[in-house]
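Q: With the input below, show me the fold.
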Amino acid sequence: MTHYNRAAIELFGIPSGDGAGLARDPYPLTSDVFRTDRTTPVPADERPLARALRGHEVSDAEFVVVRPDGAARTALSSARRLVGPAGQALGAVAVVQDITERRQADEELEQVHKQLVVASRHAGMAEVATNVLHNVGNVLNSVNVSASLLAERIKTSKCTRLGQVGALLKAHAADLAGFLAGPQGKHLAEYLQELAGDLAAERDAAVEELTALRGNVEHIKEIVAMQQSYARRGGLIETLDVRALVEDSLRMNEGAFSRHGVTIIRDYRDVPPIEVDKHKVLQILVNVIRNAKYACHEGTGEKTVTVRIRASNGSVLVSVIDTGVGIAGENLERIFSHGFTTRAEGHGFGLHSSALAAKALGGTLQAESAGPGQGATFTLTLPLRSPESSDAG
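A: Model (predicted):
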């Protein structure tokens, strides 16, 4: 090995001292390299650089590198042979990317999926599984976008230009000073500086996407944990502040709101505590707020969802007001019917089940709209005292 950067020194445990020039040890790596099972060692002659020297082209080979300090990092490597103008082999170049955070995110996502299955099974209700899957699915869209962007950036990375520079220098190794002083060589330093800036920008963009990816995975874990909490309490009547339920439902949808550029406005007033089954209320609010997001996304104007909380005549009213596509007059009476939907990908039971849940709580769920393009208002009205607690008294 003749050349390697600082990241390679850190990843492969290359002794410091001659990182910028020729290394005294022809193979100075001190880190251990394993296959993805983390137990099978990869011999030096089977690693990407050695294979490329033998004429093989290696693309996206994944390994686990254990540094001298014991830290295990997952790496993705591609390598190819460097060929001179006359077709002679000059050497090989390998590009190695540390993808540890991406793999950790994948593992966490798999673990969250297992928790999701357990949560839905314990809840024993199809509505819980549907809501969790839908909420997680919203965030998974963001995860998929980040992963796709990272994959695309890796494919189009400018790091291959380093190999071209290496090949150029090798081709003029006999008179390197003369080449650097010539019309082509004198621009090499400037080109390398620009390339370094491009690679730094690629690195920063990848780190930003990985940060967003991890943030979305954490958000999925929060959704599952919150839904598990509500599922355990299903059927239990509690006295609580409805504003806390509204905030939970907003948190479950915040990833989708951010992705679609929808602004949330909170218009809360002090209201008395209510006696209610919080699990059923959360199901209603999540459905209504999610529909408001869809309505704004499909609209052409300002994307705003206002959540208003008021108290009136022994009840608490939660209104979700959107500036979306609106509802035609002939659909207002049918919108809570089972199977009715105006969205191509809709299933038509979200609002129906929400209306039934509101009725079971002794309340109502109503819709208002001035017509297409005028937005809509969905209002959940709940009594201060649960019918079940009143019957018990």
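Q: Would you mind checking the average pLDDT for the top helix by length along the chain?
A: Counting residues, the longest helix found in the chain (DSSP state H) is helix 188-232. Average pLDDT, helix 188-232: 77.
Q: in the host helix or strand of Ala177, what's buried?
A: Using DSSP states H and E, Ala177 falls within helix 176-181. Within helix 176-181, the residues that count as buried by 16 or more other C-beta atoms under 10 Å are Phe179. C-beta: built from backbone N, CA, C; applies to glycine.
Q: Spell out for me which residue occupies the centre of this protein.
A: Val143 (2.5 Å; C-alpha atoms, centre = their mean).
Q: Correct me if wrong, but that residue is in a strand.
A: No - in this structure, Val143 is helix, not part of a strand, as judged by DSSP: H, G, I helix; E, B strand; the rest coil.
Q: And it, how far from Thr211?
A: 13 Å (C-beta to C-beta, to the nearest Å).
Q: And Ser337, by the same measure?
A: Applying C-beta to C-beta to Ser337 and Thr211 gives a distance of 44 Å.
Q: Lys170 too?
A: In terms of C-beta to C-beta, Lys170 sits 38 Å off from Thr211.
Q: the more surrounded of the two?
A: Lys170 (17 against 12; other C-beta atoms under 10 Å).
Q: pull the helix or strand with minimum mean pLDDT from the chain.
A: helix 387-392 (a mean of 56; mean pLDDT, DSSP states H and E).
Q: now the end-to-end length of stretch 77-90.
A: For stretch 77-90, the first and last residues are 20 Å from each other (C-alpha to C-alpha, to the nearest Å).
Q: Would you indicate which residues of that stretch are buried?
A: 77-83, 90.
Q: Ok, stretch 26-40 next?
A: 28-29, 31, 33.
Q: In strands only, show me those.
A: Val33 (DSSP state E).
Q: Let's verify the spatially closest residue to Ala205 that is not a sequence neighbour: helix, strand, or coil?
A: Spatial nearest neighbour of Ala205, excluding adjacent residues (C-beta to C-beta, 6 or more residues apart in numbering): Arg153 at 6.4 Å. Secondary structure, three-state DSSP: Arg153 is helix.
Q: so how many other residues sit close to Arg153?
A: When neighbours are counted by other C-beta under 10 Å, Arg153 comes out with 14.
Q: how about it, what does it touch?
A: 202, 205-206, 209 (C-beta atoms under 8 Å, 6 or more residues apart in numbering).
Q: One more pass at 10 Å, please.
A: 202-203, 205-206, 209 (C-beta atoms under 10 Å, 6 or more residues apart in numbering).
Q: And it, how far from Leu188?
A: 25 Å.
Q: Surely Met252 touches Arg290?
A: Yes - the pair Met252 / Arg290 is scored as a contact, 8.5 Å apart, by C-beta atoms under 10 Å.
Q: Looking at the two, which is more packed in?
A: Set Met252 next to Arg290 and count neighbours by other C-beta under 10 Å: Met252 wins out with 26 against 21.
Q: now the helix or strand containing that one against helix 188-232, angle please.
A: Element membership of Met252, judged by DSSP H and E, is helix 242-259. Angular relation of helix 242-259 and helix 188-232 on a 0 to 180 degree scale: 150 degrees, by axes from the mean of the first three to the mean of the last three C-alpha atoms, to 10 degrees.
Q: And the average pLDDT for helix 242-259 is what?
A: Here the average pLDDT along helix 242-259 is 82.
Q: Summarise which helices and strands it is packed against.
A: Packing partners of helix 242-259 (3 or more C-beta pairs under 10 Å, 6 or more residues apart in numbering; DSSP states H and E): helix 126-155, helix 188-232, strand 263-268, strand 274-277, helix 278-298, strand 304-312, strand 315-322, strand 376-383.
Q: tilt between the longest one and helix 278-298?
A: If I follow you right, that is helix 188-232. 140 degrees.
Q: ends of stretch 174-184, how far apart?
A: 16 Å.
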